[in-house]
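K.L.:
no FASTA, just this:
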């Protein structure tokens, strides 16, 4: 059993469905920090993704702590993790939002957490991206896959794992470059600090403490793996 307060809740939905569910007027449920961030976003698609992610975060926070979805006050910095501003007496809550195209996902936990998603696809110009994202060992692993499909799958796992790790480890300066972040399969569950899986043709990566016992993907998820992710910086 996981230690009390460490369980992770992960939600996944379509942007359009969440926009149907949330109140039509953003100022009826977004806090002042979130409204300021919303006003800085250009483009209808980006604004829709933002609103959907914020509503999904509230529904998960409601599930975890029992506060009505419209009652949460959340920060919305442009280059740092968002925070729950009106914390429940039970303890701190952390959340991470990721969106890609029509999809949005959110993770809520009692400890720092990072989540990233990417739709499964053949990665265009993969060769040009390997050196930017992968260590030399990861680069070789991707190149050794038996075809463009498996190579893209492994590349997207590395990419999302590193994005989720960066989200979990915010710093005062720039994050380490992706090609310096190590990510290797972990055979000892209690040593893992990240998990990847495939759900509805979307790659997920979750980075948090004790990930092997704090969260298990849905039953229809596939290709689930435990990882150790770290940076030398």
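P.N.:
Thanks, I have the structure now. Please read all numbers here as calculations on a predicted model, not as lab measurements. Numbering: from 1, shown residues only.
K.L.:
buried ones in the least confident helix or strand in the chain by mean pLDDT?
P.N.:
One helix or strand of the chain scores below all others by mean pLDDT, DSSP states H and E: helix 211-214, with a mean of 85. Buried positions in helix 211-214, judged by neighbour count with 16 or more other C-beta atoms under 10 Å: 211, 212, 214. C-beta coordinates here come from the backbone N, C-alpha and C atoms, glycine included.
K.L.:
and the gap between the residue lying farthest from the centre of the chain and residue 186?
P.N.:
Among the residues of the chain, the one whose C-alpha is farthest from the average of all C-alpha positions is residue 146, by C-alpha atoms, centre = their mean at 28.3 Å. When C-beta to C-beta, to the nearest Å is the yardstick, residue 146 and residue 186 sit 24 Å from each other.
K.L.:
Does the lengthiest strand in the chain pack against any helices or strands, and if so which?
P.N.:
Among the segments of the chain that qualify as a strand by DSSP state E, the longest is strand 222-230. In terms of contacts (3 or more C-beta pairs under 8 Å, 6 or more residues apart in numbering; DSSP states H and E), strand 222-230 is packed against helix 148-168, strand 182-185, strand 194-199.
K.L.:
Save those as JSON lines, and put in mean neighbour count too.
P.N.:
Converted to JSON lines, those look like this (neighbours: other C-beta atoms under 10 Å):
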{"stretch": "helix 148-168", "mean neighbour count": "22"}
{"stretch": "strand 182-185", "mean neighbour count": "16"}
{"stretch": "strand 194-199", "mean neighbour count": "23"}
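K.L.:
So for residue 81, which of the ones you listed sits nearest?
P.N.:
Each of the helices and strands packed on strand 222-230 has some distance to residue 81 by C-beta to C-beta; the shortest is helix 148-168, at 6.5 Å.
K.L.:
pLDDT on that closest one, on average?
P.N.:
The average pLDDT within helix 148-168 is 97.
K.L.:
can I assume residue 55 is in contact with residue 26?
P.N.:
No. When contacts are counted by C-beta atoms under 8 Å, residue 55 is not listed as touching residue 26 (9.8 Å).
K.L.:
got the residue ranges for the strands in the chain?
P.N.:
Applying DSSP E to the chain gives strands spanning 9-14, 94-100, 103-109, 113-119, 182-185, 194-199, 202-208, 222-230.
K.L.:
Residue 55 and residue 26: which is more packed in?
P.N.:
residue 55 (25 against 17; other C-beta atoms under 10 Å).
K.L.:
what sits against the residue nearest to the more buried one when sequence neighbours are not counted?
P.N.:
Of all residues beyond its chain neighbours, the one nearest residue 55 is residue 22 (4.0 Å), with distances taken as C-beta to C-beta, 6 or more residues apart in numbering. Going by C-beta atoms under 8 Å, 6 or more residues apart in numbering, residue 22 touches 29, 51, 52, 55.
K.L.:
and the last one, what does it touch?
P.N.:
I take that to be residue 55. Residues touching residue 55, when contacts are defined by C-beta under 8 Å, 6+ apart, comprise 18, 19, 21, 22, 29, 69.
K.L.:
Those residues in helices, which ones?
P.N.:
If you go by DSSP state H, these have 18, 19, 21 in helices.
K.L.:
Just give me the neighbour total for the first one.
P.N.:
In terms of burial, residue 18 registers 20 neighbours under the definition other C-beta under 10 Å.
K.L.:
correct me, but it touches residue 52?
P.N.:
Yes. Taking C-beta under 8 Å as the definition, residue 18 is a contact partner of residue 52 at 3.9 Å.
K.L.:
does the spatially most central residue of the chain have beta-bridge partners, and which?
P.N.:
The C-alpha lying nearest the average C-alpha coordinate of the chain belongs to residue 115 (C-alpha atoms, centre = their mean; 1.5 Å). Listed by DSSP bridges, the beta-bridge partners for residue 115 are residue 206.
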